[in-house]
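S.K.: This is a predicted model, with the sequence first.
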Amino acid sequence: MAKGGMNRRQYLGAVGAGATLALAGCLGGTEIDADEYPVAAWAEGTIEFGLPPFQDAEELDEQYAGTFEWLEDGFDELTVEGTTTTSYSAVVESVVNGHTELANLSPIIYVLAQEDDVHPLAINWSHGSDAYHTYIATRADTGIESLDDLEGKTIAMIDPLSTSGGMFPRYMLKEAGLDAGDINNDPEDFEIEWAYGHGEALETLENGHVDAAAYGDFQHPDDEEIVKIAESDPIPFDPVVAKPDTPEAVREQLSERLINTPEESLENHRVDRFGEVEPGTYDPVRNVAEAMGVDIETIDEAEEDE
């Protein structure tokens, strides 16, 4: 473990302690026949589906409504409800601790949560791909043309644990030769203004409050006044995961149902379809997490062996 590093539990505990979760109560005590209705029995009648704040709550509810209805229709005695959270740390803590049965995790958060035995069910696909990119952009009138020009500037980002709006852009700036800090330390060569939403980061840039912004490519506007100055390597899209104690039979049924979600259930969604999670998919994310000082159990073990 790197000197001065903060482990996942310490960091997420510190951030998550102040986060507010809009958690609905499970139907505790509901008697459901586990043999006849295994998924409903496991969820005690209601699946709480945790969602990170990559868009505002109203947009998320609209996007996921068709998916939730599809899941409900596939299993008797079951309802599915979205649970919006206020931070990326809050959504992982909710599923790790079993407050939500399922969650959509950002790639970096999924890498961190693997040590807590969350189970990947499916990976999101969008625009015909299972990967996307981080953009770092500026306004056309700033005169900024490259990452080098961002020294001494202010950059809007999403969240310290956002993959495309936190970890990857800071890694890109680090690779460009700037001091980008890490998960424990602020950068020395530029300032970050945390916007806590991709749309919010872009809006902050458009309104002239910052010199540049980092966000997922799905947010980039059709506007000549906003100019992309850097693009990351491909980033695997978010996975949908189940809480640690989910039985294998339940995981298999949920995964199959998600992967077979029809197009009409995704009409309002940024996701085109759900696909299988292949081994090694999130290794590039793990590498960036390591470079940015995020402690992961497997990395710690590897360092101890060196």
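M.R.: Okay, I see it. Residues are numbered from 1 along each chain as shown.

S.K.: contacts, neighbours, all on C-alpha from now
M.R.: OK.

S.K.: mind listing the strands for this protein?
M.R.: 46-51, 79-84, 102-104, 119-125, 131-132, 134-139, 154-157, 191-194, 212-216, 226-231, 235-236, 239-242, 273-275 (DSSP state E).

S.K.: for these, which one sits closest to Val288?
M.R.: With CA to CA as the criterion, Val288 lies closest to strand 235-236 of these, at 10.5 Å.

S.K.: low-confidence ranges in the stretch 51-200 of the chain?
M.R.: Scanning the stretch 51-200 of the chain for pLDDT under 70 picks out no residues.

S.K.: got a list of what the nearest residue to Val285 once chain neighbours are set aside touches?
M.R.: Spatial nearest neighbour of Val285, excluding adjacent residues (CA to CA, 6 or more residues apart in numbering): Ile108 at 6.1 Å. Going by CA atoms under 8 Å, 6 or more residues apart in numbering, Ile108 touches Leu161, Ser162, Thr163, Met167, Val285, Arg286, Ala289.

S.K.: residue contacts, the nearest residue to Val96 once chain neighbours are set aside?
M.R.: Distances taken as CA to CA, 6+ apart put Lys243 closest to Val96, at 5.7 Å, once the chain neighbours are dropped. With contact taken as CA under 8 Å, 6+ apart, Lys243 is in contact with Val95, Val96, Asn97, Gly98, Thr100, Glu101, Leu102, Asp117, Val118, His119.

S.K.: okay, among these, which ones form the most distant pair?
M.R.: Farthest apart among these by CA to CA are Thr100 and Asp117. That separation is 14.5 Å.

S.K.: Pick out whichever of the two has more residues nearby.
M.R.: Thr100 (28 against 14; other CA atoms under 10 Å).

S.K.: Quick check: that one touching Ser94?
M.R.: Yes - between Thr100 and Ser94 there is a contact under CA atoms under 8 Å: 5.6 Å.

S.K.: Find the residues that touch each one of those two.
M.R.: Gly50.

S.K.: Quick check: Glu276 vs Asp238, distance?
M.R.: 12 Å (CA to CA, to the nearest Å).

S.K.: all helices in the stretch 51-200 of the chain, in order from the N-terminus.
M.R.: Under the criterion DSSP state H, counting those that start in this stretch, the stretch 51-200 of the chain contains helices at 57-74, 88-96, 107-113, 168-175, 198-206.

S.K.: Let me see the domain layout of the chain.
M.R.: 8-129+236-305, 134-232 (automatic domain parsing).

S.K.: How far does the longest one sit from its chain's centre?
M.R.: Read that as domain 8-129+236-305. Put simply, domain 8-129+236-305 sits 9 Å off its chain's centre (CA atoms, centre = their mean, to the nearest Å).
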